[in-house]
Each structure stands twice: as structure tokens, then as C-alpha cells.
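> Provided below are the primary sequence and the corresponding predicted coordinates.
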Amino acid sequence: MDGLVTEILKLGFGKCSLQVQVPEDSSFKTVDDLAGKRIASSFRHLSRDYFGGIDTRLQLEGESKTRIDYVGGSVEAACALGLADGIESGDTMRAAGLHAIATLLETEAVLIKSTTPKRPQFAPLIDKITRRIEGVIAASKYVVCQYNISRDKLAAATQITPGRRAPTISNIEEENWVAVSVMIEKKKSASVMDELVKAGAEDTIVTFKPVMWYARFNREAIALDPVLNIREEF
């Protein structure tokens, strides 16, 4: 698929590690130890490329090269059944008494588009969907933090909460005090609130707004609600 599609956006879910794994009690400690051995894999092409590079580096040729055997289904059983010395698979193998000695690649779901569109009239729609999915992802990662603080402590507080672009600062009725509204990372919200209190912030509130959205793709329409709010006829 290289060159045929262009990655537009990482979606932040469906993450997986593709790893080389061996039994816990195995004598194999590095991937070099597996050179010339049998490898069971559901991803033959990736495995051949990976171990082919190792074979070349170690100058293994002919029958001495690493053997890649295709195994579908329960790949984790290959070592226990004597079908392979090591396996190359995802990160769900610990229950089978295996552990990783190398990682081939890290993956996650991404939004892609054709590098050479056959129907360029849909380019505006693709851009619109992309922008709105970006909004959904941002809404899932960030929360709104609001607090009051005196102006003499504002600089220190905005260092803690710089926002995605910049915080919104408004005057309030009390002299020398301002209200700040800013986006912060959801996963850091608790520690940010603690730091703001130390900096002198008061009345700190973090607003969590769960994003509920639904996608349907068919020949008639694309519906993404409520954040995306798109309905376009194909």
C-alpha cells in the first residue's frame, strides 16, 4: 500500500505492538539468538523482511537462514507444540508463558485517503470530515479548566495552564482579580489542579464533557453525531 494511500490523522485507538516473543524459560534472549531457527508468524512478509535483515547482518545463507512458518489462529501455541522456537505476534501472549524480546513495530488506527483521488469532487467532504474528527479527538483528550486568580499570580498560573493556543482571561468584579478558562489534558487534570492551588488559584473547576458520537458509512450517507453533525449525499 506504500504510495497508494496517505495517512491523514492518527485516531488514538486500536493500538498494538507487533513483537518477537519466546517462552519465559527459553535460552533465547535476543533476536540474534533466533537467527537460523524456526519462527511462527501470521505476518510472513513482515517477519521475512525483519529476520532477513538479521540473516544478512550475521551472514547466514541457504539452509542456515531463519525459517518463517505461517501459523494462523492460536499462534501462541506454536512454541508449546514444538512448531517453532519463537513467534512473532501481538501483545496478548503473556498468558501463554511468553515474553517479548523485540518489537517490530507499533501500530494504531489511522485515517487515510487515496494519494491519487479518482473522484476529486469529494475532496471538500474529506477535508470537512477530517476537521471534525480532529475536533472529536481533541474533545476526548482535553477538558475545560476554569479558575480565579489575582493578577500578580497570573503569570505563574498560565505557565501551568498554557492551553492549546492560549488561555482566555476575563476581568471580574473584584479588583485585581481575573477569571481564566483554558483547555488542559484530561489525564493531567488532577495534577494541574494541585499545582494551581499552590500557585494561588481559587474556585477551580474542571468540566468533563463526554463525547458521544456515532458513525455510519454506506452508499447513501455519512452520519457523525452530535459533534460532527454531517450528512452528505454520495
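Ah, there it is.

> which parts of stretch 12-30 are buried?
18-23, 26, 28 (16 or more other CB atoms under 10 Å). In this view, the C-beta of every residue, glycine as well, is placed from N, C-alpha and C.

> check stretch 181-194 too.
For stretch 181-194, a neighbour-count test (16+ other CB under 10 Å) marks 181-184, 189, 192-193 as buried.

> stretch 172-182 too?
Those would be 178, 180-182, for stretch 172-182 by 16+ other CB under 10 Å.

> now the longest helix seen in the chain: mean pLDDT?
Counting by DSSP state H, the longest helix found in the chain is helix 123-141. Rounded to a whole number, the mean pLDDT of helix 123-141 is 86.

> now the strands for this protein?
Using DSSP state E, the strands found in the chain span residues 5-10, 16-23, 38-41, 67-70, 86-89, 98-107, 110-114, 142-150, 168-171, 177-185, 202-207, 214-217, 222-225, 230-231.

> go through the ones you listed and pick out the most buried.
Of all the strands of the chain, strand 86-89 has the most neighbours on average by mean count of other CB atoms under 10 Å, namely a mean of 26.

> re earlier: could I get the strands of the chain as a markdown table with distance to Ile133?
Listed next are the strands of the chain as a markdown table, based on distance: least, CB to CB, whole Å:
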| stretch | distance to Ile133 |
| --- | --- |
| strand 5-10 | 7 |
| strand 16-23 | 21 |
| strand 38-41 | 33 |
| strand 67-70 | 36 |
| strand 86-89 | 30 |
| strand 98-107 | 19 |
| strand 110-114 | 6 |
| strand 142-150 | 15 |
| strand 168-171 | 25 |
| strand 177-185 | 18 |
| strand 202-207 | 22 |
| strand 214-217 | 9 |
| strand 222-225 | 8 |
| strand 230-231 | 10 |
